[in-house]
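Student: Test case, fold it:
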Amino acid sequence: MMSNLFSIFDPSTNLLNLPLNWISTFIGILFIPYSFWLIPNRQFFIWNFILNKLHNEFKTLLGNNKNSNGSTFIFISMFSFIMFNNFLGLFPYIFTSTSHLTLTLSISLPLWLSFMLYGWINNTQHMFIHMIPQETPSILMPFMVLIETISNIIRPGTLAVRLTANMIAGHLLMTLLSGTGPNLPYYFIMILILIQILLLILESAVAVIQSYVIAILSTLYSSEVN
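Tutor: Next up is the predicted model:
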């Protein structure tokens, strides 16, 4: 039962032994040229407003220095990419790429490595100072260094697992509820449909919130090495 339940996350479309499901991850790139020809409308202004808000928030977290303007576009792009794939997975028969550690680790691990390399090479003293909080007793300093080291090492894993677990949990719940439909009396089916609609709204909110959380945490990790 469990293997059949989790099989909904398996890439199943193949052509010449190539998993075509992963192509859906990059469908959003096809809409980028179209946006330059798009006549400004309500949706365009709403999306532009959201991006400006994110830019200002990320810029504040990065310290409003001269390099923060360019850095914010990295995290805004990551937010847009993750949110697009989260929403895409809510449609029927479309592969949810963000429910796989293959994709989430591919996003979080290179970012974390680049932050660590940049920090230890260019701001070595600051990185050592960051290992021990202020006013830490001398006897606790070795333990604080060990704790901070472990917390830094597990950061890419926690980012990847957080996104993957949230995507899997919502999809599994919707799959379990939909599987009980044929066994229910007809007057319970309308209630089940209503619950599914509410779950879909909840999953839409989770798709946005998780994208925002990943982008914010990545911005905070970047600000720590500067």
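Student: Would you map the strands across the protein?
Tutor: Ranges of strands within the chain are 14-15, 18-19, based on DSSP state E.
Student: Surely L159 and I216 touch.
Tutor: No - counting by CB atoms under 8 Å, L159 sits too far from I216 to count as a contact (10.8 Å). The C-beta positions use only the backbone N, C-alpha and C, and glycine is treated the same way.
Student: neighbour-wise, which of these two wins?
Tutor: For L159 versus I216, neighbours defined as other CB atoms under 10 Å are more numerous around L159 (22 against 16).
Student: Give the closest residue to the more buried one in space, chain neighbours not counted.
Tutor: Among residues not flanking L159 along the chain, S108 sits closest, at 3.9 Å (CB to CB, 6 or more residues apart in numbering).
Student: H55 too?
Tutor: H55's closest residue in space is T72 (CB to CB, 6+ apart), at 5.0 Å.
Student: show me what contacts the one you found?
Tutor: T72 is in contact with L54, H55, F58, K59, L62, T219, counting by CB atoms under 8 Å, 6 or more residues apart in numbering.
Student: ok, back up a step: the residue nearest to L159 contacts P156, correct?
Tutor: Yes - S108 is within contact range of P156, at 4.2 Å (criterion: CB under 8 Å).
Student: Just want to know which of the two has more residues nearby.
Tutor: The residue with more neighbours, out of S108 and P156, is S108; 25 against 22, by other CB under 10 Å.
Student: Quick one: residues contacting that one.
Tutor: Here S108 is in contact with R155, P156, G157, L159, A160, I214, S218 (criterion: CB under 8 Å, 6+ apart).
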